[in-house]
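Participant: kindly return the folded structure for what I paste below:
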Amino acid sequence: MRAILVEQYGEPQVLTPVELAEPEPGPGQIAIDVAYAGINYADVLARRDGYQVPSLPFVPGLEVSGTVRALGPGAAGFTVGQKVAAFIASGGYAEIALADAASVYPLPEGTDLREAATWLAVLPTAYALINGPAGPTQGESVLVHSAAGGVGTVAGQLAKAAGAANVYGVVSSSEKAAYALRFGYDRVFVGDDYIAAVPEATSGQGVDVILDPVGGDTLRANLKLLARFGRLLSFGNASDQDAWQVGPPELYPRGLGIFGFSIRALSREDPARLHKLTETAIQAAVKAGVELPITAEYALDDAAEAHRVIESRSATGKLLIRVAGS
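Facilitator: Numbering: from 1, shown residues only. From the prediction side, this is the model:
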């Protein structure tokens, strides 16, 4: 089968198209003929720095859509040829991917495989952040970093649906700001402008909830922008800076809280809960009419170019790899 293999960490050119043996599903696994693979920033970190990669070589890719090719022992409830989407530990950039049955979702009749490939990383993450215990309540304000990306696009819409009074975004360019304003945001700030603009927009009170996939210096700046009893939700470290530390001096005076979320950790440690979360998130997104725009599509052999676009910070929405027919 055709696949993209990473044999050493590095720049996008290490994403090498190769021919590999077709994998066979083991106990509780399902083999999927991949139609589309979603591209996530976690794929970039895995390729570049070995983020959550057990060993080399590996095939990147966390989410796929396609049809069931074969069932391993104990993988009940599916049939060969059935349309599915799956969240996997790795291996999505390939013509055939293996997935644990608990992480595979049957698709309703008529579902577009192209669209389904965007669901399984973005929707549960955005839903867990916005509708989880630390998310905004009716009338509160929200600030979302990377507002023009996949999670940011969905989070803005879900925040509005949850009753947030003001939804602010942060992006890296004016073009991205114009794009993000289509997806639930009241105001979108460019670059570090948000550090001065948020106090002005909130009459010095700060925002109630901040979604931060950046980490590092950005996270430290965010703490200062939280309102009393505000919550900072950390779900990534795109800055690749050293792990931050925070304690009572920063949190106690204004009653602040810091929460974390990792969909990959949840998939490893509690797949049943992730399965329920994903089903709930998909239902909520459909009910709220959430859009998850696909803004670019690449052939399998062009995966390196897709990573270059993501790292250039010019990408908006969701990027896909078209595997079937590449």
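Participant: kindly export the helix or strand residue 231 falls within (C-alpha atoms) in CSV.
Facilitator: According to DSSP states H and E, residue 231 maps onto strand 226-234. The C-alpha coordinates for strand 226-234 follow below in CSV (Å, rounded to 0.1, in the frame of the first residue of the first chain):
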residue,chain,number,x,y,z
LEU,A,226,-8.7,36.7,32.9
ALA,A,227,-11.5,38.2,34.9
ARG,A,228,-12.1,37.3,38.5
PHE,A,229,-12.9,33.6,38.7
GLY,A,230,-11.8,33.2,35.1
ARG,A,231,-10.7,29.9,33.6
LEU,A,232,-7.8,29.3,31.2
LEU,A,233,-8.2,26.1,29.1
SER,A,234,-4.8,24.8,27.8
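Participant: okay, buried residues for that strand please.
Facilitator: Neighbour counts over strand 226-234 (16 or more other CB atoms under 10 Å) mark 226-227, 230-234 as buried. Every residue, glycine included, has its C-beta placed from N, CA and C.
Participant: averaged pLDDT, the helix or strand following that strand. What do you get?
Facilitator: Following strand 226-234 in sequence order, the next helix or strand is helix 248-251 (DSSP H and E). Average pLDDT, helix 248-251: 90.
Participant: got the CA coordinates for helix 248-251 in CSV?
Facilitator: The C-alpha coordinates for helix 248-251 follow below in CSV (Å, rounded to 0.1, in the frame of the first residue of the first chain):
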residue,chain,number,x,y,z
PRO,A,248,-1.0,30.2,44.4
PRO,A,249,0.5,33.7,43.8
GLU,A,250,-0.9,33.8,40.3
LEU,A,251,-4.2,32.0,41.0
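Participant: can you tell me the element residue 298 falls in?
Facilitator: Under the assignment here (DSSP H and E), residue 298 is part of strand 294-299.
Participant: what does the top helix by length along the chain rub up against?
Facilitator: In the chain, taking DSSP state H as the definition, the longest helix is helix 271-288. The contact list for helix 271-288 (CB atoms under 8 Å, 6 or more residues apart in numbering) reads 87, 100, 102-103, 105, 119-120, 123-124, 126-128, 131, 154, 157-158, 161, 263, 266-267, 290, 292.
Participant: distance of the nearest residue to residue 13 once chain neighbours are set aside from residue 232?
Facilitator: Counting by CB to CB, 6 or more residues apart in numbering, the nearest residue to residue 13 once its immediate chain neighbours are dropped is residue 304, at 5.8 Å. Between residue 304 and residue 232 the computed distance is 34 Å (CB to CB, to the nearest Å).
Participant: go on, residue 205?
Facilitator: From residue 205 to residue 232 the distance is 16 Å (CB to CB).
Participant: could you do residue 127 as well?
Facilitator: 18 Å.
Participant: which stretches of the stretch 101-250 of the chain have low pLDDT?
Facilitator: Nowhere does the stretch 101-250 of the chain drop to pLDDT under 70.
Participant: can you pull out the strands in it?
Facilitator: Per DSSP state E, counting those that start in this stretch, the stretch 101-250 of the chain carries strands over the ranges 104-106, 141-145, 166-171, 187-190, 207-212, 226-234.
Participant: neighbouring strands of the third one in the sheet, and parallel or not?
Facilitator: In this case it means strand 166-171. strand 141-145 (parallel), strand 187-190 (parallel) (DSSP bridges).
Participant: which residues touch the shortest one?
Facilitator: Right, the one you point to is strand 187-190. With contact meaning CB under 8 Å, 6+ apart, strand 187-190 is reached by 147, 166, 168-174, 176-177, 180-181, 197-198, 201.
Participant: rewinding a little: could I get the strands of the stretch 101-250 of the chain as TSV with distance to residue 64?
Facilitator: Shown next, in TSV, are those (distance: least, CB to CB, whole Å):
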stretch	distance to residue 64
strand 104-106	10
strand 141-145	26
strand 166-171	28
strand 187-190	31
strand 207-212	26
strand 226-234	27
